[in-house]
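> Need coordinates for the following:
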Amino acid sequence: MARALYIHWPFCLKKCPYCDFNSHVRDKVDHVRWQKALLADMRAEAELAGAEPLESVFFGGGTPSLMPPSLVAALLDEAQDLWGFAPDIEITLEANPSSVEASKFADLALAGVNRTSLGLQALDDAKLRFLGRLHDTQEGLNALEVAQKAFQRVSFDLIYALPGHDPAEWERELRHALSFGTSHLSLYQLTIEAGTRFATMVRQGDFTPLDDDAAADLYELTQQTTHEAELPAYEISNHARPGEESRHNLTYWRYRDYVGIGPGAHGRRGGMATQRHRKPENWLAAVEERGSGNQSEIAIPTGEQASEALLMGLRLHEGIDLADLAARFGRPAGQLIDLGELDQLSALGFIARNDMRIAVTAQGMPLLDAILPRLVHDALVSA
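Take a look at the predicted model:
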């Protein structure tokens with residue numbers, strides 16, 4: 001049963017050069033039309049996804065803080081009518097830290113949003129210009145102050161390992177970020193994604209990404225600094241005080257079912273993978289013609305489900321329970337992971353084992369991309 005709902009708002013004022021998300025710039029958005037379509041898409045999915053109360057709702061994008069608060073309220077009211085809300089439901093909305101969007105925060109809180117994730121991305125004007133952001137440092141900090149007054153829980157994002165990023169400079173910026181006392185931070189290394197403007201710039205020689213060794217040093221510095229501040233990593237790039245982890249994202253990483261509506265949104269229910277039409281106009285046309293924006297619904301082979309559950313779960317500090325996954329997917333532990341590799345990786349200190357629970361250690365996390373293919377059986381995907 002789905003216990004989480006993801007709502008995608010695809011529109012942005014500007015496409016950031018590092019972003020490969022499904023985001024689009026449009027001169028005008030007909031909010032009345034979009035509200036009607038999002039409500040219809042939600043109802044169509046609710047007929048298939050069961051009626052268990054939702055534990056989290058997440059408005060992602062794009063830039064959901066561009067949505068009118070009345071639209072957010074209408075979507076939340078409908079979701080509550082369709083599924084019901086758990087008493088301590090987490091309702092997150094991603095927001096850009098502009099003064100215009102911050103002016104909506106109080107109304108968004110009244111609409112039901114109780115957690116926000118702010119895209120600060122940097123606390124330095126030069127870095128913000130490089131990242132193509134529309135706000136400056138002071139505007140971002142002002143928005144953070146407004147958010148902390150409006151919402152019960154606040155997180156914000158920073159991007160590090162930029163070209164030429166100096167460790168002392170990053171440590172100062174990170175300690176500054178920690179000084180605001182938010183209960184959650186998302187700290188991402190800059191990656192050059194295919195199809196982005198940054199990918200074109202790198203290909204043309206406009207800048208050179210930070211090399212892997214320097215990026216690894218910054219990662220280690222990040223882990224040490226956040227641990228000392230009692231905001232440890234619970235996932236490779238996400239840090240929180242105990243109990244303040246993003247419940248919605250834990251749904252993904254623990255490989256639980258969730259509903260996804262809106263352009264390009266993915267979902268997972270009962271062993272089926274769903275995906276909405278990606279282009280906003282195509283999604284809108286599909287909803288208005290058929291009552292649903294779903295483009296595809298594909299059965300996920302059991303082996304592929306097991307593989308995905310392993311690959312996602314091992315990103316988490318808590319790791320995975322092999323006995324639980326073996327029971328869930330009807331396979332012995334030896335068919336899920338390579339037990340010989342597990343022994344070797346444990347001996348090297350990259351994997352911690354406690355009976356049937358295994359987790360990647362702090363020493364192993366920087367090598368996660370190399371560890372996972374060794375540990376997870378290739379045969380699972382084709383099984």
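
> got the residue ranges for the helices in the stretch 1-150 of the chain?
Here the stretch 1-150 of the chain has its helices, by DSSP state H, counting those that start in this stretch, at 31-49, 69-83, 99-102, 105-111, 125-130, 137-150.

> Extract the C-alpha trace of the fourth one and format it as CSV.
I take that to be helix 105-111. Provided in CSV are the C-alpha atoms of helix 105-111 (Å, rounded to 0.1, in the frame of the first residue of the first chain):
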residue,chain,number,x,y,z
PHE,A,105,5.6,30.8,3.3
ALA,A,106,3.1,31.8,6.0
ASP,A,107,0.2,31.0,3.7
LEU,A,108,1.8,27.7,2.6
ALA,A,109,2.0,26.8,6.3
LEU,A,110,-1.7,27.6,6.7
ALA,A,111,-2.4,25.4,3.7
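
> Can you name every helix or strand that it contacts?
helix 69-83, helix 137-150 (3 or more Cβ pairs under 8 Å, 6 or more residues apart in numbering; DSSP states H and E). Every C-beta, even on glycine, is put in place using the N, C-alpha and C of the backbone.

> To Leu367, which of these lies closest?
helix 137-150 (33.1 Å; Cβ to Cβ).

> which is the next helix or strand following the closest one?
Counting by DSSP states H and E, the element after helix 137-150 in chain order, helix or strand, is strand 153-160.

> distance between that next one and the chain's centre?
11 Å (Cα atoms, centre = their mean, to the nearest Å).

> then that strand to CSV, C-alphas only?
Extracted C-alpha coordinates of strand 153-160, given in CSV (Å, rounded to 0.1, in the frame of the first residue of the first chain):
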residue,chain,number,x,y,z
ARG,A,153,10.8,21.8,10.1
VAL,A,154,13.3,23.3,7.7
SER,A,155,16.0,21.8,5.5
PHE,A,156,18.2,23.5,2.9
ASP,A,157,20.6,22.3,0.2
LEU,A,158,24.2,23.2,-0.5
ILE,A,159,26.3,22.2,-3.4
TYR,A,160,30.1,21.7,-2.9
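
> That one versus helix 137-150: what angle between them?
Taking axes from the mean of the first three to the mean of the last three Cα atoms, to 10 degrees, one finds strand 153-160 and helix 137-150 inclined to each other by 160 degrees.

> Could you list the paired strands of strand 153-160 along with their orientation?
Using DSSP bridges, strand 153-160 pairs in its sheet with strand 115-121 (parallel), strand 184-189 (parallel).

> can I assume Leu250 sits in a helix?
Yes - membership of Leu250 in a helix is supported by DSSP: H, G, I helix; E, B strand; the rest coil.

> Could you pull up the contacting residues of it?
When contacts are counted by Cβ atoms under 8 Å, 6 or more residues apart in numbering, Leu250 touches Leu316.

> gap between it and Arg315?
11 Å (Cβ to Cβ, to the nearest Å).

> what does Asn354 give?
Per Cβ to Cβ, Asn354 is found 18 Å from Arg315.

> Give me the more crowded residue out of the two.
A direct count of neighbours by other Cβ atoms under 10 Å for Asn354 and Arg315 places Arg315 higher, at 20 against 9.

> any idea of the pLDDT on that one?
For Arg315, the model assigns a pLDDT of 95.

> can you list contacts of stretch 43-50?
With Cβ under 8 Å, 6+ apart, stretch 43-50 has contacts from 1-2, 78, 82-83, 257, 259-261, 267, 269, 274, 291-292, 294.

> wait, I meant stretch 160-168
So stretch 160-168 is contacted by 127, 130-131, 170, 173-174, 187-190, 207-210, 214-215, 217-219, 221-222 (Cβ under 8 Å, 6+ apart).

> Okay, buried residues for that stretch please.
Across stretch 160-168, burial judged by 16 or more other Cβ atoms under 10 Å covers Tyr160, Ala161, Leu162, His165.

> and these as JSON lines, adding pLDDT and distance to Arg241?
Output for the buried residues of stretch 160-168, formatted as JSON lines (pLDDT from 0 to 100; distance: Cβ to Cβ, whole Å):
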{"residue": "Tyr160", "pLDDT": "98", "distance to Arg241": "21"}
{"residue": "Ala161", "pLDDT": "97", "distance to Arg241": "24"}
{"residue": "Leu162", "pLDDT": "97", "distance to Arg241": "27"}
{"residue": "His165", "pLDDT": "95", "distance to Arg241": "26"}
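
> Next, format the residues you listed as JSON lines and append distance to Ala111.
Putting those into JSON lines (distance: Cβ to Cβ, whole Å) gives the following:
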{"residue": "Tyr160", "distance to Ala111": "33"}
{"residue": "Ala161", "distance to Ala111": "36"}
{"residue": "Leu162", "distance to Ala111": "35"}
{"residue": "His165", "distance to Ala111": "38"}
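
> Who are the packing partners of the helix or strand where Ala286 lies?
For Ala286, the enclosing helix or strand under DSSP H and E is helix 280-290. For helix 280-290, the elements it packs on are helix 31-49, judged by 3+ Cβ pairs under 8 Å, 6+ apart.
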